[in-house]
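# Kindly generate the corresponding structure for this input.
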Amino acid sequence: MPWSPPPFPTPVQDRRLERFRDRAARLRGRDGRVGTAFFTVDLVHPRPEGHLWWRRWSAPFHLVDGHVWGDAEVTSTWDPSGRPGEEHRANHQAWGEGLRQLLDDADRGVFTWLDQQWQLEWLDDDELSVFREAHRHELDE
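Predicted coordinates for the structure are as follows:
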């Protein structure tokens, strides 16, 4: 069995994915909470089955991986203290139907996360540069 994925046709890329490629956005909740999300876009070749000498690959798909920064009130649905704390990071991934919903929401300027809709404001190049510098070690993980 192959060690690497066989040649699959590359999935059609929705042009709206480009706005998420290595970009950051400010998230504003209706209740005043504010966080920041950094997004990456990858083409993933999943291996749903197999070990060392036998593998089965599935067709590749696009994945948007988001990292959300904010205090505990923003990044979790439950905080033991019940109060905002130091800055925390949480992850959000979208593919398949979830990816289509993410792209449709972004067209409307919203980001659905923690079962809530957050206003999505893309950072300009200067703000993105400052954000990257402040979080460079976390972004390199």
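# beta partners for the residue nearest the centre of the chain?
Centroid-nearest residue in the chain: Gly66, 1.7 Å away (criterion: Cα atoms, centre = their mean). Under DSSP bridges, the beta-bridge partners of Gly66 are Phe39, His92.
# who's in contact with it?
Contact analysis of Gly66 by Cβ atoms under 8 Å, 6 or more residues apart in numbering lists Phe20, Ala37, Phe38, Phe39, Thr40, Asn91, His92, Gln93, Ala94. From N, CA and C alone the C-beta is placed, and that goes for glycine too.
# Got a ChimeraX select line for the buried ones in those?
To isolate the buried members of these in ChimeraX, using 16 or more other Cβ atoms under 10 Å:
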select :20,37,38,39,92,94
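# between the contacts of Gly66, which is closest to Leu139?
Set against Leu139, the nearest of the contacts of Gly66 by Cβ to Cβ is Phe38 (6.5 Å).
# dump the residue contacts of that closest one.
With contacts defined as Cβ under 8 Å, 6+ apart, the neighbours of Phe38 are Asp22, Arg23, Ala24, Gly66, His67, Trp69, Phe131, His135, Leu139.
# got any ranges where this structure has weak pLDDT?
Applying pLDDT under 70 to the chain flags the ranges 1-6, 48, 50-55, 71-89, 141.
# show me where it has strands.
With DSSP state E as the criterion, the chain has strands at 23-28, 34-44, 49-51, 54-56, 61-71, 87-94, 110-113, 116-122.
# how deep is the closest residue to Gly96 other than its chain neighbours tucked in, by neighbour count?
Once flanking residues are discounted, Gly96 sits nearest to Phe61: 6.8 Å by Cβ to Cβ, 6 or more residues apart in numbering. Other residues within reach of Phe61 by the criterion other Cβ atoms under 10 Å amount to 15.
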